[in-house]
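K.L.:
What would the 3D arrangement of this be:
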Amino acid sequence: MRELINELFAHYLANPLLNTRTDAAALSEIKGELMMTTDGFTVQPLEFPGGDIGALAIHGTVNDLAVAGADPLYLSLNAFIEEGLEIAQLERIIQSLATTAEHAGVKIVTGDTKVVRRGEGGGVYLATTGVGVKHPQQDLSMDHIQTGDCVLVSGPVGDHGTAVMLAREQFGMRGDLQSDAATVLPLTRALREIAGLRFMRDPTRGGLASVMQEIHQASGLGLRLWQKDIPIREPVTAVCEMLGYDPLYLACEGRVVAVVSEEDADKALALWQQLPEGADAALIGRITEAQQRVILETSLGGERILEELEDDPLPRIC
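P.N.:
Here you go, the predicted structure:
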């Protein structure tokens, strides 16, 4: 285990704060309001088009802090490795994790490794905890959402869920669609000066529709979405139509849903569309008071109620 830690984890994750000979990390002086998040990651296959479980762990943790209005700084990493996992694959995952962390501007400062018996794990599971500093101008909460506010999404939805599904090849289907896994920091930072920004969330497990349900249940207000305006890539639509999935419930790993006041919605959308990460951003709906449900106005002119997801459509996906 010492050899594994030194030759893989410490080798790729090296930074001045990571000391594998101690059980705790001494963090640099931090000024401002601290924010903390924790998450676990399990996906099959471990490597998929557009990413892998290592990059996914970094993106997921960084993005949870970003949509809360924070700048991520430090992460811990716990790896639960199944006996028999190829060292070469583990090295690729750790290398990807390190590259992703460097790109996001965060440091892995402490962690732990455990080996589980063959057949008791999915190759490797990762658990992370992230620490960041909240930007002083950001006060984001579902409690701030009001009737008339607009709902924005930063790009096409369902890419990650569909890419992982195709990578499994369990349906005999193949495609070149890639996961949208990415850091959303450029998107969240772009909206910091928007006075009417109420709330942000990354639509991971359960997708866009589940975030809408969460807002509905927390605020007591209704939501009306416009299907014609929701960006969905053609391959995602085709796969979902063939297999009976709904892209609105599939996981995204590099998108942001934002609720913005009506007065500031166009400005927020323009800021996103100026970024490479938000080129396909769209205004997709509005907060309502008349109907206390999540309603989708279909492209054919009808209406459909988006109910709360009861079963995970694609297990072990993030």
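
K.L.:
Ends of stretch 11-27, what's the gap?
P.N.:
Length of stretch 11-27, first residue to last, Cα to Cα, to the nearest Å: 20 Å.

K.L.:
Buried residues, it. List them.
P.N.:
Buried residues in stretch 11-27, counting neighbours by 16 or more other Cβ atoms under 10 Å, are found at 12, 13, 18, 25. The C-beta positions use only the backbone N, C-alpha and C, and glycine is treated the same way.

K.L.:
for this protein, longest strand please?
P.N.:
Once the chain is assigned using DSSP state E, the strand that runs over the most residues is strand 70-82.

K.L.:
Pairing partners for it, with directions?
P.N.:
Counting by DSSP bridges, the strands paired with strand 70-82 are strand 107-116 (parallel), strand 124-134 (antiparallel).

K.L.:
Sketch out the low-pLDDT regions of the chain for me.
P.N.:
29, 169-174, 290-291, 312-316 (pLDDT under 70).

K.L.:
center of it - which residue?
P.N.:
residue 253 (3.6 Å; Cα atoms, centre = their mean).

K.L.:
how about it, secondary structure?
P.N.:
Put simply, residue 253 is coil when judged by DSSP: H, G, I helix; E, B strand; the rest coil.

K.L.:
How about the contacts made by it?
P.N.:
51, 56, 59-60, 63, 160, 179-182, 202, 204, 318 (Cβ atoms under 8 Å, 6 or more residues apart in numbering).

K.L.:
Neighbours of the nearest residue to residue 233 once chain neighbours are set aside, how many?
P.N.:
Closest residue in space to residue 233, ignoring its immediate chain neighbours: residue 156 at 4.9 Å, by Cβ to Cβ, 6 or more residues apart in numbering. By the measure other Cβ atoms under 10 Å, the count of residues near residue 156 is 20.

K.L.:
Look up which helix or strand residue 103 falls in, please.
P.N.:
helix 87-104 (DSSP states H and E).
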